[in-house]
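> Sequence first, predicted model second:
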Amino acid sequence: MTIEFPQHAPSPYYDVDGDCLVVGGRRLTELAAGIGHTPFYVYDRAVMDRRVQELRAAMPAGLKLHYAIKANPMPAVVEHLARQVDGLDVASARELAIALATGTPRHEISFAGPGKTDVELEAAARAGIVVNLESEGEMRRLSRIGTRLGLRPAVAVRVNPDFELKSSGMKMSGGPKQFGIDAELVPAVLAELRALPLEFLGFHIYSGSQNLRVEALIEAQDKTVELALRLAAHAPGPVRMLNLGGGFGIPYFPGEQRLDLAPLGANLARAVARIRAALPEAQPVIELGRFLVGEAGLYVCEVIDRKISRGQVFLVCNGGLHHHLAASGNFGQVIRKNYPALIGNKVRGTEREVASAVGPLCTPLDLLADRMDMAKAEPGDLVVIFQSGAYGFTASPLGFLSHPAAVEHLV
């Protein structure tokens, strides 16, 4: 079934039973009763599986798929996705521990991110995973750690290309960046790496995230391959791994449309063929996070009070920005826009109204839905924020004003 939202892109992943949202095969009211309290995040395995299946169907054979744990590091989510994808990317020692617990082959786990501590680098070296080098200094520190441990750490050079992913939610390349080594400096870095006790595997070239423009993604993919082929000429050994990044977006806001995977897959098929011809030992990889889990997650809170202030309806809830900073508009938005939302136990509702869902915090920033068309809600009804599976719980100020924490649940 497809759930329609006024102004927002429809959601094709959830059913409705008797006007109540169904998640993981259960009515939301039953699920909430079983969990025992609100607010909570719920993540649906079946939706994750469909996302992976849709992606696999569109992508070419020979292209590996890695999950970026930072999007949602809940151990049960990572454990489930690890069985669906080919590898994992981590951004901290804690995420590394979660990845290792899944049994994923060590050579299919990579560690990215600036500012890795010596403790983290040592953990990565001992684990035998791939370290994406973010700077010359990090390369030298890892080399010293490997020498001390009697190990030869596996590395890939993360490149800050001289182009950006146009129209991306977060630009990770082009111009001065804390991420990766500037493309023009990479040949000299590779020359130094040749003399160090490090095992060179390849390149990680990530341009940006949350992009819904097919033409921009295709342009970035093509430029990424061109850059990798140029840099390969300076490599200290054969390129065996080429992480092309990702950047595939999901529709969050009014007017946004779902990403068409077919042309992306066709272009990646051409890219894989080109890589195979020029770098026969290289394994191409795409790395995705929110695209796999974003639509599989819902944030659910309960209406505690209903009030009208000078003609505007406010649904005061027991959850808010302390649990879901992104939905409040305070995580990367310049102009606040609503996530898709509805009353979960009254999906369509016999009565409709324009209302704002707000949280319990003493700040006007605590706003989950601003003047949205929803079913008329009363205390005890459940407000549901869609597109909440990525950068929700762990990207929020959970201790702000010391309100009770939300819980996470996988169904």
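Sure thing, it's come through. Numbering: from 1, shown residues only.
> can you map out the helices along the stretch 1-150 of the chain?
28-35, 45-58, 75-82, 93-101, 118-127, 136-149 (DSSP state H, counting those that start in this stretch).
> Mean neighbour count for those helices - can I get that in CSV?
For the C-beta atoms, the positions are set from N, CA and C on the backbone; glycine is no exception. Below are these laid out as CSV (neighbours: other C-beta atoms under 10 Å):
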stretch, mean neighbour count
helix 28-35, 17
helix 45-58, 17
helix 75-82, 19
helix 93-101, 18
helix 118-127, 18
helix 136-149, 16
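> Which one of those lies nearest to residue 214?
Of all the helices of the stretch 1-150 of the chain, helix 45-58 sits nearest to residue 214, with 11.7 Å by C-beta to C-beta.
> Just list what that closest one packs against, helices and strands only.
strand 64-68, helix 75-82, helix 261-278, helix 290-293 (3 or more C-beta pairs under 8 Å, 6 or more residues apart in numbering; DSSP states H and E).
> Comparing those, which comes out most buried?
Among the helices and strands packed on helix 45-58, helix 290-293 has the highest mean neighbour count (mean count of other C-beta atoms under 10 Å), at a mean of 27.
> Give me the packing partners of that helix, helices and strands only.
helix 45-58, helix 75-82.
> contact partners of the last one?
When contacts are taken as C-beta atoms under 8 Å, 6 or more residues apart in numbering, the neighbours of helix 75-82 outside the stretch itself are 43, 45, 48, 52, 67, 69, 72, 88, 98-99, 101-104, 292-293, 410.
> Report the angle between that helix and strand 64-68.
Counting by axes from the mean of the first three to the mean of the last three C-alpha atoms, to 10 degrees, helix 75-82 lies at 170 degrees to strand 64-68.
> quick check: angle from helix 75-82 to helix 93-101?
Computed by the same axes, to 10 degrees, the angle between helix 75-82 and helix 93-101 is 50 degrees.
> Provide the count of other residues in contact range of residue 351.
Residue 351: 8 surrounding residues under other C-beta atoms under 10 Å.
> how near is it to residue 116?
Going from residue 351 to residue 116 by C-beta to C-beta, to the nearest Å gives 54 Å.
> re the thing from before, out of the helices of the stretch 1-150 of the chain, which gets nearest to residue 303?
Evaluated with C-beta to C-beta, the helices of the stretch 1-150 of the chain place helix 28-35 nearest to residue 303, the distance being 12.4 Å.
> and that closest one, what does it pack onto?
Counting by 3+ C-beta pairs under 8 Å, 6+ apart, helix 28-35 packs on strand 20-23, strand 40-43, strand 382-385, strand 407-410.
> Please state the offset of the second one from the chain centre?
Relative to the mean C-alpha coordinate of its chain, strand 40-43 is positioned 16 Å out (C-alpha atoms, centre = their mean, to the nearest Å).
> tell me which residues of that strand are tucked away?
40-43 (16 or more other C-beta atoms under 10 Å).
> Then the last one?
Taking 16+ other C-beta under 10 Å as the neighbour-count basis, strand 407-410 is seen to contain the buried residues 408-410.
> Identify the neighbouring strands of that strand in the sheet and state each direction.
Sheet pairing of strand 407-410 (DSSP bridges) gives strand 40-43 (parallel).
> Pull the residues that contact the partner strand.
In contact with strand 40-43 (C-beta under 8 Å, 6+ apart) are residues 23-24, 31-32, 35, 72, 74, 77, 293, 296-300, 323, 388-389, 392-393, 406-411.
> the bottom helix or strand of the chain by mean pLDDT?
Here the helix or strand of the chain ranked lowest by mean pLDDT, DSSP states H and E is strand 170-171, holding a mean of 51.
> re earlier: out of the helices and strands packed on helix 290-293, the one nearest residue 305 is which?
helix 45-58 (31.7 Å).
> Dump the buried residues of strand 407-410 to a markdown table, plus pLDDT.
Output for the buried residues of strand 407-410, formatted as a markdown table (pLDDT from 0 to 100):
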| residue | pLDDT |
| --- | --- |
| 408 | 98 |
| 409 | 98 |
| 410 | 98 |
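> Buried residues, the strand ranked longest in the chain. List them.
Secondary structure of the chain per DSSP state E: the longest strand is strand 297-309. Residues of strand 297-309 classed as buried: 297-303 (neighbour count, 16+ other C-beta under 10 Å).
> mind checking the SS state of the residue nearest to residue 355 when sequence neighbours are not counted?
Using C-beta to C-beta, 6 or more residues apart in numbering and skipping residues adjacent in sequence, the residue nearest residue 355 is residue 313, 4.0 Å away. Classification of residue 313 using DSSP: H, G, I helix; E, B strand; the rest coil returns strand.
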